[in-house]
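Visitor: Have a look at this prediction, sequence included:
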Amino acid sequence: MLAKSTFELVSWEEELLADIPTEQPVAKASAWYKALQEITGSFKADYLLHYSQYNQENPHLSEATYLGYLFFEGVLKGRKGTFVLEERGTFEKGLPHNELVIKENTGTEELSGIQGTGKYFLDGANLVIEIDYGIEK
C-alpha cells in the first residue's frame, strides 16, 4: 500500500563535530517533522552528515551525504502505532534525495509486522513523504 502526506519540518538542530576540518565537516543533527493526511503523526530523527562542500554563511547551499533514523509515532492509513525508518541520502542544491527503509521488527500496536520503503521530496512548495508498505500478520 502507498501512503502519502505533507511533511513539515518543525525543528532542526545541528552541530559540527569538533576536530574536523571545516572544508568538509561532519555534523550531527536532530529533527522533528509532522505529517498530516494519510500519515498523521510525528517523526523524530537523528542524523550524521558529511559535508563535501560546506557553505558556512548559507548551509542550504552546502552539499552533504547523510544517514539517520526516524522514529514515527501516529496513524498510518487508520492504523495506530510506531516504527523506525532508516534513511540514507544526499543534500544538493537545497534539495534532499533519500531512501527510507522500515527497520524490521520495529512496528508496534496496529503497525506490528510493518515493512516497506519510502522517500520524501519537494512537490512544488510542499515537502511530501511517501511510504510503500505492507503488514505481515
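Guide: Arrived safely. Model, not experiment: these values are computed from the prediction.
Visitor: for this structure, which spans come out with low pLDDT?
Guide: 21 (pLDDT under 70).
Visitor: let's go with 80 and repeat that
Guide: 18-23, 137 (pLDDT under 80).
Visitor: quick one, strands of it?
Guide: Assigned by DSSP state E, the strands in the chain fall at 2-16, 26-37, 39-53, 63-76, 79-92, 95-102, 114-123, 126-135.
Visitor: Can you add mean neighbour count and distance to Thr108 and give those strands back as TSV?
Guide: Where C-beta positions appear, they are placed from N, C-alpha and C, glycine not excepted. Output for those, formatted as TSV (neighbours: other CB atoms under 10 Å; distance: least, CB to CB, whole Å):
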stretch	mean neighbour count	distance to Thr108
strand 2-16	14	17
strand 26-37	16	17
strand 39-53	17	13
strand 63-76	18	9
strand 79-92	17	5
strand 95-102	16	12
strand 114-123	17	9
strand 126-135	17	12
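Visitor: measure the closest residue to Lys44 other than its chain neighbours to Gln37 for me?
Guide: Distances taken as CB to CB, 6 or more residues apart in numbering place Phe71 nearest to Lys44, at 4.9 Å, with adjacent residues excluded. When distance is defined by CB to CB, to the nearest Å, Phe71 is 19 Å away from Gln37.
Visitor: Equivalent analysis for Ile102, please.
Guide: 19 Å.
Visitor: Tell me the bridge partners for the nearest residue to Val101 once chain neighbours are set aside.
Guide: Spatial nearest neighbour of Val101, chain neighbours left out: Glu86 (4.9 Å); criterion: CB to CB, 6+ apart. On the basis of DSSP bridges, Glu86 is bridged to Tyr69, Val101.
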